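Asker: The amino acid sequence is not available; the structure is as follows:
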């Protein structure tokens, strides 16, 4: 049963509660796929391969141009097509822990379980690179030097991450702290 849903850009956030009698929260970030990208990339790859075959058969060129064209087509498809992730989910079970799921378009699902007693604190982190700026949700784990990313493949907007962050804070009995703690430098 969907309790809450937000859609912004390429992402849709849904808050499920599959089992109403239990205290299990399920949060999904779903990526909207664009079929036009797939059609464009595969059409471009077929055209490149057809032109290589044309040069080989009618132009008298070497067969190696077809092999190079196939390699370039594979590189082009890998480069231009987005990651094959359909959605990422967070299943919060306050008595046991947090299960992180990544659902791929092929049907493959990768699950990672983090026990609730190992979670120190869920944190929202702003990542700044020379090209872009985005928010991520991470879990600080007891005894680990690195944080665990909640959404490893998708970069949803902070508006969606806040709902998951609040649910994780409630499940781990951590008081929510202010999001905007800014420092000014003169």
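Answerer: Looks like it came in fine. Everything quoted here is computed from the prediction, not taken from an experiment.
Asker: Secondary structure element holding the residue sitting nearest the centre point of the chain?
Answerer: Compute the mean C-alpha point of the chain, and by Cα atoms, centre = their mean the closest residue is residue 154, 2.1 Å away. Of the helices and strands defined by DSSP states H and E, none includes residue 154.
Asker: before we move on, what about the one 5 residues further on?
Answerer: The secondary structure element spanning residue 159 is helix 158-171 (assigned by DSSP H and E).
Asker: Give the buried residues for that helix.
Answerer: Using 16 or more other Cβ atoms under 10 Å as the burial criterion, the residues of helix 158-171 that qualify are 160-162, 164-165, 167-169, 171. Bear in mind the C-beta positions are built from the backbone N, C-alpha and C, glycine included.
Asker: residues contacting the residue of the chain most remote from its centre?
Answerer: Relative to the average C-alpha location in the chain, and by Cα atoms, centre = their mean, no residue lies farther out than residue 60, which sits at 46.8 Å. Contacts were defined as Cβ atoms under 8 Å, 6 or more residues apart in numbering; by that measure residue 60 touches no other residue.
Asker: measure it to residue 54 for me?
Answerer: Here the criterion is Cβ to Cβ, to the nearest Å. By it, residue 60 lies 11 Å from residue 54.
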